[in-house]
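> sharing a model prediction with you, sequence too.
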Amino acid sequence: MPFAFLSFTLQLSWTSVWFWLLCFIGLVWLRRHFALNRAGNEPALKPQDADGSSDPWPRLTVLVAGKDEEDNVETCATGLLSQDYPGLQIIAINDRSDDRTGEILDRLAGQDPRLSVVHVHELPAGWAGKNHAMHQGQQQATGEWLCFTDADCRFHTPRLLSAAVRFAQRNGLRFLSVLPELETHTFWERVIQPPAGAIMVFWFPPEKVNDPRSRRAYANGAFMLMTREAYDELGGHTRVKAALNEDMHFARLAKLKGIGLRVIQGGGLYTVHMYSGLRQIWKGWSRIFYGCFRTWARLIVSAVVLGIFSVFPFLSLLLSPLLGPNTAGIAAAAAFTLIAQQTILWRFYPLSGMARPWALTYPLGSSICLAMVCNAMTRLAGLRTQWRGTTYPGGA
């Protein structure tokens, strides 16, 4: 009898802990409405940001590097050439491509003198491919401001560059990163990209990143605009030559050196199609998670937070009928938590450029993200990273 009572007490205790943990998780999700409200107050870049000043335009050089980007590079380059920025210099770097990337760029350069092409044939030891390509390109840059972008970007307004430069000038910034809207074409992109983006928002909330008193630092390599003086002060790409997430390293250095850094939404002025198939998504986001979090502590915390706040409520609802009698409370708490979760996600997904019903796939997407965070940990164990046809030690 005493053993039966003890067993009942332990079962009741664990059931109670489970129930109250789920209720706590639900309340945390509801509290995130306040964070979304704050994020909604953060400014987004607008074409009209280019107006309202008669100051002379500083010289601007845009650098874009691409490796085997024949499917994207012409759209990207023509979008840059359509910009209304006066006296614009565009330097495109063909980084060891085995496809028609170089040929396409040479043809476009022959049609417009604002575009010049640098062909990179070898990658020196100790360099990541993109960083070496940008390093080669910037040596020909004449701009007082430098803008680094990617070959898979699509520019939807000719005023993007002029708006970004005027926004930076008006706000006294030396480093501005404009966030893209993500294009999603396949099922797995729509399932995985929003939860992956949510992880980044968790670690790098905009109000913290944009607070000079905070050490939180973030930038997106799809669009990094900085003065030439700031670029040199950061040490250029030589300082981050081995990093596969050079944007994050630049952001951290900018915070350490007190260089004015700001990250803002792009307002749909340009878009990026990051990855296509599940295999590419897996490799790409594993690399991003490794490069952004870098330590066992952050990766483990990310895995724990994902597991408890995103996956655990859904598993609790699925498993509650299998746990025997007296688990209706767990099922009810799990249902409450999932409803609370969805109230946030139905607001968050449109901000990610996604239709609201895709929020219903969040448990699946967050489970895959949890696996990718665990995969990122293998880089800390010394496994190699293969990216864009090049193999790097660990996570570089």
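Perfect, I can see it now.

> only C-alpha atoms for contact and neighbour calcs from this point on.
Fine.

> just the strands from the stretch 101-250 of the chain, written as ranges.
115-120, 145-150, 153-155, 175-179, 181-182, 223-227 (DSSP state E, counting those that start in this stretch).

> worst mean pLDDT among those?
Least confidently modelled of those is strand 181-182, at a mean of 88 by mean pLDDT.

> gap between that one and the chain center?
Relative to the centre of its chain, strand 181-182 is centred 10 Å away, using Cα atoms, centre = their mean, to the nearest Å.

> in the stretch 251-396 of the chain, where is pLDDT below threshold?
Applying pLDDT under 70 to the stretch 251-396 of the chain flags the ranges 324-326, 381-396.

> one step back: closest to Asn37 out of the strands of the stretch 101-250 of the chain?
Ranking those by proximity to Asn37 (Cα to Cα) places strand 175-179 first, at 18.3 Å.

> in its sheet, what does the strand or helix carrying Ile91 sit against?
Taking DSSP states H and E as the definition, Ile91 sits inside strand 89-95. Next to strand 89-95 in the sheet, as set by DSSP bridges, lie strand 60-66 (parallel), strand 115-120 (parallel).

> what sits closest to Arg100 if chain neighbours are left out?
Using Cα to Cα, 6 or more residues apart in numbering and skipping the chain neighbours, the partner closest in space to Arg100 is Glu70 (5.5 Å).

> which SS state does that neighbour fall under?
coil (DSSP: H, G, I helix; E, B strand; the rest coil).

> how deep is it tucked in, by neighbour count?
Applying other Cα atoms under 10 Å, we find 20 other residues in the vicinity of Glu70.

> cool, the one 5 residues further on as well?
Counted by other Cα under 10 Å, the residues lying close to Thr75 total 16.

> SS state for it?
Thr75 is classified as helix under three-state DSSP.

> try the one 5 residues further on
Local secondary structure at Leu80 is given as helix here, using three-state DSSP.

> contact partners for it?
Leu80 makes contacts with 90, 155, 158, as judged by Cα atoms under 8 Å, 6 or more residues apart in numbering.

> of those residues, just say which sits nearest to Phe19.
The nearest member of the contacts of Leu80 to Phe19, counting by Cα to Cα, is Phe155 at 48.8 Å.

> that closest one touches Leu269, doesn't it?
Yes - with contact defined as Cα atoms under 8 Å, Phe155 reaches Leu269; the gap is 6.4 Å.

> those two - which one has more neighbours?
Phe155 (24 against 21).

> list the contacts of the residue nearest to that one when sequence neighbours are not counted.
Using Cα to Cα, 6+ apart and skipping the chain neighbours, the partner closest in space to Phe155 is Tyr270 (4.4 Å). Residues near Tyr270 by Cα under 8 Å, 6+ apart: 153-157, 160, 180-181.

> how is this structure divided into domains?
Domain assignment of the chain by automatic domain parsing yields the ranges 18-40+293-392, 47-291.

> re earlier: out of the contacts of Tyr270, flag the one nearest to Arg216.
Ranked by distance to Arg216 (Cα to Cα), the contacts of Tyr270 are led by Pro180 at 19.8 Å.

> my read: the closest one touches Met224, true?
No - with contact defined as Cα under 8 Å, Pro180 and Met224 do not form a contacting pair (11.1 Å).

> list the contacts of Pro334.
For the record, residue 334 is Ala, not Pro. Contacts for Ala334 (Cα under 8 Å, 6+ apart) come out as 22-23, 313-314, 316-317.

> can you redo the residues you listed as JSON lines with secondary structure?
Shown next, in JSON lines, are these (three-state DSSP):
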{"residue": "Leu22", "secondary structure": "helix"}
{"residue": "Cys23", "secondary structure": "helix"}
{"residue": "Pro313", "secondary structure": "helix"}
{"residue": "Phe314", "secondary structure": "helix"}
{"residue": "Ser316", "secondary structure": "helix"}
{"residue": "Leu317", "secondary structure": "helix"}
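
> now the residues you listed as JSON lines including distance to Cys292?
Output for the contacts of Ala334, formatted as JSON lines (distance: Cα to Cα, whole Å):
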{"residue": "Leu22", "distance to Cys292": "29"}
{"residue": "Cys23", "distance to Cys292": "31"}
{"residue": "Pro313", "distance to Cys292": "27"}
{"residue": "Phe314", "distance to Cys292": "27"}
{"residue": "Ser316", "distance to Cys292": "30"}
{"residue": "Leu317", "distance to Cys292": "32"}
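
> check the gap between Ile288 and Arg379 for me.
Distance of Ile288 to Arg379, given as Cα to Cα, to the nearest Å: 11 Å.

> no, scratch that, I was asking about Glu207
For Glu207 relative to Arg379 (Cα to Cα), the value is 30 Å.

> good, we can wrap up now.
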